[in-house]
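Peer 1: just a sequence and a predicted model for now, questions to come.
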Amino acid sequence: MSLTTLTTGAAGFIGSHTVLELFEAGHNVICVDNCCNAYHDKNESLPESLKRVEDITGKKVTFYSVDIRDKKALDSVFKKHKIDCVIHFAALKAVGESCRLPLQYYQNNITGTSVLLEVMADNEVYNFVYSSSATVYGDPTFLPLTEDHPTGNCTNPYGKSKYFTEEILKDLCASDKNWNVISLRYFNPVGAHKSGRIGEDPNGEPNNLMPYISQVAVGKRQLLKVFGNDWPTHDGTGVRDYIHIVDLAQGHLSALSKLLKGGTTGYAVYNLGTGVGYSVLDMVKNFSIACGKNIAYEFAPRREGDIASCYASTEKAADELGWKSKLGLKEMCEDTWRWQKNNPNGFAGLKSDL
Ligand code: NAD
Ligand code: WQD
């Protein structure tokens, strides 16, 4: 069945890869983004990531440069198209920045989502997939993390904005049985599409491990600081559940199938992870193999708010969504490297070399 999906935050890392997979599966996609964290040359009609999705898929992207907090503009998008479902990626996501700018984060991530939900209800669209995060679990009290692990013990405004939004969605579904909502709790998305044409393009110094390593490999950064070597893990460095972005994107298609074939299901939550944890040093070693270079690193103090280990239980997504990750660490590193090597300056590319 071909669906029309409105995707917010479509020009971002996860959004662009998911739009690509939606096209490949034969769906129609309406893309919305204000490009506060995506490269858009204003002489072009599309943000660069979506232009490349057009090139790769041969499909025409319908794009609206709209802020999700702008109710009127958002409503006009819903009035122009017959939308079956919404996948909501748009958010600010930098943990450190959220501690400095909490109101901006709550405004964008919580108010923005509330406005979107109001516009959906006004237009009688009730199928919703939300980008949540493993960060809602806080410091795990047991591993692997099952979906019923307690949530809400987040240490920063970004994480809290994800937790509060989940609570809003739960209340909304309890209040009105029309709603059909799935929150997907992503673990650590990495990698890039096989083409090497789209990938993660952080602004300035990366906050996350994988883009940091790949920028060291390409010569943009001198060395990686490894935050702590005294964690209770196999080699003393932090352990995470890294998941290939293409697997993650495909998880959204499985969530949509579940929403649209099962009738009203109310509210449900699924982990999207691999179930396998790798340490920082495992990542450095495997990336070195993929790029054929040494990754310079030094040990540094622990980063505030970090935890030792975090990895998913993948059973619920496998049983109820029929989804499982397929790609391993080798592909995650090789595909990140292909993207980074071919696009050392990200989407701004040659324009930033001039
Ligand atoms: P990203 O920054 O690459 O993409 C988010 C997109 O949303 C950007 O293109 C940005 O311009 C857009 N946006 C932000 N605020 C907007 C607004 N008010 N109106 C319209 N567009 C807006 O981030 P990403 O990594 O692709 O993350 C997508 C979603 O997944 C986010 O909700 C994030 O919280 C969640 N998530 C990400 C990770 C991760 O590690 N990348 C992990 C867990 C959850
Ligand atoms: C992974 C590991 C670091 C950078 C964050 C957010 C979370 C989620 C994903 C959206 C840790 C270590 C990192 C570096 C390092 N985002 N590290 N040197 O912390 O699991 O999660 O991104 O929802 O909310 O908190 O991911 O990639 O930042 O770190 O040693 O320069 O790499 O200490 O052990 P994290 P990460």
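Peer 2: Perfect, thanks for sending it. Ligands and ions are numbered 1, 2, ... in the order given.

Peer 1: drop to CA atoms for contacts and neighbour counts, all remaining ones
Peer 2: Fine.

Peer 1: may I see the buried residues of the longest helix that the chain contains?
Peer 2: Longest helix of the chain, by residue count under DSSP state H: helix 157-175. Across helix 157-175, burial judged by 16 or more other C-alpha atoms under 10 Å covers 157-166, 169-170, 172-173.

Peer 1: now for the next helix or strand after it, which elements pack on it?
Peer 2: Once helix 157-175 ends, the next helix or strand along the chain (criterion: DSSP states H and E) is strand 180-186. When contacts are defined as 3 or more C-alpha pairs under 8 Å, 6 or more residues apart in numbering; DSSP states H and E, strand 180-186 packs onto strand 127-133, helix 157-175, helix 245-261, strand 266-272.

Peer 1: can you do 7 Å?
Peer 2: Where contact means 3 or more C-alpha pairs under 7 Å, 6 or more residues apart in numbering; DSSP states H and E, strand 180-186 is packed against strand 127-133, strand 266-272.

Peer 1: run through who's touching the last one.
Peer 2: Residues lying outside strand 266-272 but in contact with it, judged by C-alpha atoms under 7 Å, 6 or more residues apart in numbering, are 147, 170, 173, 177, 179-187, 248, 312, 314, 316-317.

Peer 1: and with 8 Å instead?
Peer 2: 134, 146-147, 169-170, 173-174, 177-187, 243, 248, 251, 312-314, 316-317 (C-alpha atoms under 8 Å, 6 or more residues apart in numbering).

Peer 1: ditto for the first one
Peer 2: By C-alpha under 8 Å, 6+ apart, the surrounding residues in contact with strand 127-133 are 84-89, 159, 162-163, 166, 179-187, 252, 255-256, 259-260.

Peer 1: is it positioned near ligand 1?
Peer 2: Yes: using C-alpha under 6 Å from any ligand atom, strand 127-133 reaches ligand 1 at 131-133.

Peer 1: just give me the closest of those to residue 7.
Peer 2: Nearest to residue 7 among the residues of strand 127-133 next to ligand 1: residue 131, at 11.1 Å, using C-alpha to C-alpha.

Peer 1: returning to that earlier point: and the angle for the longest helix of the chain with strand 180-186?
Peer 2: If you take axes from the mean of the first three to the mean of the last three C-alpha atoms, to 10 degrees, helix 157-175 sits at 160 degrees to strand 180-186.

Peer 1: for helix 157-175, what is the average pLDDT?
Peer 2: Averaged across helix 157-175, pLDDT comes to 98.

Peer 1: between that helix and strand 266-272, how many degrees?
Peer 2: 150 degrees.

Peer 1: residues making contact with helix 157-175?
Peer 2: Contact with helix 157-175 is made by 92-95, 98-99, 102, 105-106, 109-110, 113, 132-133, 135-136, 151-152, 154, 179-181, 183, 266-267, as judged by C-alpha under 8 Å, 6+ apart.

Peer 1: just checking: which of the contacts of strand 266-272 also lie near ligand 1?
Peer 2: Checking the contacts of strand 266-272 against ligand 1 (C-alpha under 6 Å from any ligand atom), the matches are residue 186.

Peer 1: out of the contacts of strand 266-272, which are buried?
Peer 2: 134, 146-147, 169-170, 173, 178-187, 243, 248, 251, 312-314, 316-317.

Peer 1: same for ligand 2: which of the buried residues of helix 157-175 are within range?
Peer 2: Applying C-alpha under 6 Å from any ligand atom to the buried residues of helix 157-175, those adjacent to ligand 2 are residue 159.

Peer 1: chain neighbours aside, what residue packs nearest to residue 258?
Peer 2: Spatially, and ignoring its direct neighbours in sequence, residue 258 is nearest to residue 321 (6.3 Å; C-alpha to C-alpha, 6 or more residues apart in numbering).

Peer 1: and the helix or strand harbouring residue 87, C-alpha only, in CSV?
Peer 2: In this assignment (DSSP H and E), residue 87 forms part of strand 85-88. Extracted C-alpha coordinates of strand 85-88, given in CSV (Å, rounded to 0.1, in the frame of the first residue of the first chain):
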residue,chain,number,x,y,z
CYS,A,85,0.7,9.6,8.7
VAL,A,86,3.4,11.8,10.2
ILE,A,87,7.0,10.9,11.2
HIS,A,88,8.3,13.5,13.5
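
Peer 1: that strand: what's the following helix or strand?
Peer 2: Toward the C-terminus from strand 85-88 - assigned by DSSP H and E - lies helix 95-100.

Peer 1: got the buried residues for that next one?
Peer 2: Going by neighbour count (16+ other C-alpha under 10 Å), the buried part of helix 95-100 is 95, 98.

Peer 1: send me it as CSV with only the CA atoms.
Peer 2: Taking Å, rounded to 0.1, in the frame of the first residue of the first chain, the C-alpha atoms of helix 95-100 are listed here in CSV:
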residue,chain,number,x,y,z
VAL,A,95,22.9,17.8,24.9
GLY,A,96,25.5,20.5,26.1
GLU,A,97,23.7,23.3,24.3
SER,A,98,20.4,22.2,25.9
CYS,A,99,21.9,22.9,29.3
ARG,A,100,22.8,26.4,28.3
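
Peer 1: packing partners for the helix or strand just after it?
Peer 2: Under the assignment DSSP H and E, the closest C-terminal helix or strand after helix 95-100 is helix 102-105. When contacts are defined as 3+ C-alpha pairs under 8 Å, 6+ apart, helix 102-105 sits against helix 157-175.

Peer 1: can you give me the angle the helix it packs on makes with strand 127-133?
Peer 2: If you take the same axes, to 10 degrees, helix 157-175 sits at 150 degrees to strand 127-133.
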